[in-house]
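*Asks:* Show me the folded form of this:
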Amino acid sequence: MTEMSKAVKTENTQKDKYLTFLLGEETYAIEIKYVTEIIGIQPITQVPELPSYIKGIINLRGRIIPVMDVRLRFKKPPVEYNDRTCIIVIDIDRMTIGLIVDNVSEVLTISEENVVPPPEINKSVENGYIKAIGKAGSDVRLILDCEKLINEDDM
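*Replies:* Coordinates of the predicted model:
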């Protein structure tokens, strides 16, 4: 099998697959292709003068990775981390970052025809984090745009 066909095969097995997680009562999803691993909460080294939602850095097997509290990024009230709190490690444009979430749920398959653009409720509100809405049975999942979670200033 050539490198190209391996890449295509990997791409196809990840198509329509989303990792779902909770922030409070709301369920969000990110495309599985961005996820490299899920780890428990770890000691975080704070770094001065970062936005409040960037909690600091962790040492993951010798790699230094910034971690973002997604709850704070969405301007939700902070909560104590507990044994359900996870860090979803994602890769975006050759950058690795950890996303702190309340609880990881499951990997869901949401077919393309069940993914719709988010409603345009208020044009003046710039909510670039929501890429789409995924319909899974009678439930909906807010699909995040991983690339917009991290803005230029954060990088």
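
*Asks:* Give the buried residues for the host helix or strand of Ile88.
*Replies:* In this structure, Ile88 sits in strand 86-92 according to DSSP states H and E. With burial defined by 16 or more other C-beta atoms under 10 Å, the residues of strand 86-92 counted as buried are Cys86, Ile87, Ile88, Val89, Ile90. The way it works is simple: take the backbone N, C-alpha and C, and place the C-beta from them, glycine included.

*Asks:* Ok, stretch 24-36 next?
*Replies:* Result for stretch 24-36 [16+ other C-beta under 10 Å]: buried residues Thr27, Tyr28, Ala29, Ile30, Glu31, Ile32, Lys33, Tyr34, Val35.

*Asks:* What's opposite the residue positioned nearest the centre of the chain in the beta bridge?
*Replies:* Centroid check for the chain by C-alpha atoms, centre = their mean gives Ile30 as the closest residue, at 5.1 Å. Counting by DSSP bridges, Ile30 is bridged to Leu19.

*Asks:* what sits against it?
*Replies:* Remark: with contacts taken as C-beta atoms under 8 Å, 6 or more residues apart in numbering, Ile30 is in contact with Tyr18, Leu19, Phe21, Ile88, Ile90, Leu99, Ile143, Leu144, Cys146.

*Asks:* Mind jotting down where the helices sit in the chain?
*Replies:* Shown for the chain, the helices assigned by DSSP state H span residues 3-14, 70-73, 146-149.

*Asks:* List just the nearest of the contacts of Ile30 to Gly56.
*Replies:* Nearest to Gly56 out of these is Leu99 (C-beta to C-beta; 13.6 Å).

*Asks:* give the contact list for Leu72.
*Replies:* When contacts are counted by C-beta under 8 Å, 6+ apart, Leu72 is found next to Ser52, Tyr53, Lys55, Pro78.

*Asks:* now do Tyr129
*Replies:* Contacts here follow C-beta under 8 Å, 6+ apart; on that basis Tyr129 touches Arg73, Phe74, Leu144, Asp145, Lys148, Leu149.

*Asks:* quick one: which of those is nearest Thr13?
*Replies:* Minimum distance to Thr13 across the contacts of Tyr129 is 20.9 Å, recorded for Leu144 (C-beta to C-beta).

*Asks:* Tell me the spacing between that closest one and Met68.
*Replies:* 12 Å (C-beta to C-beta, to the nearest Å).
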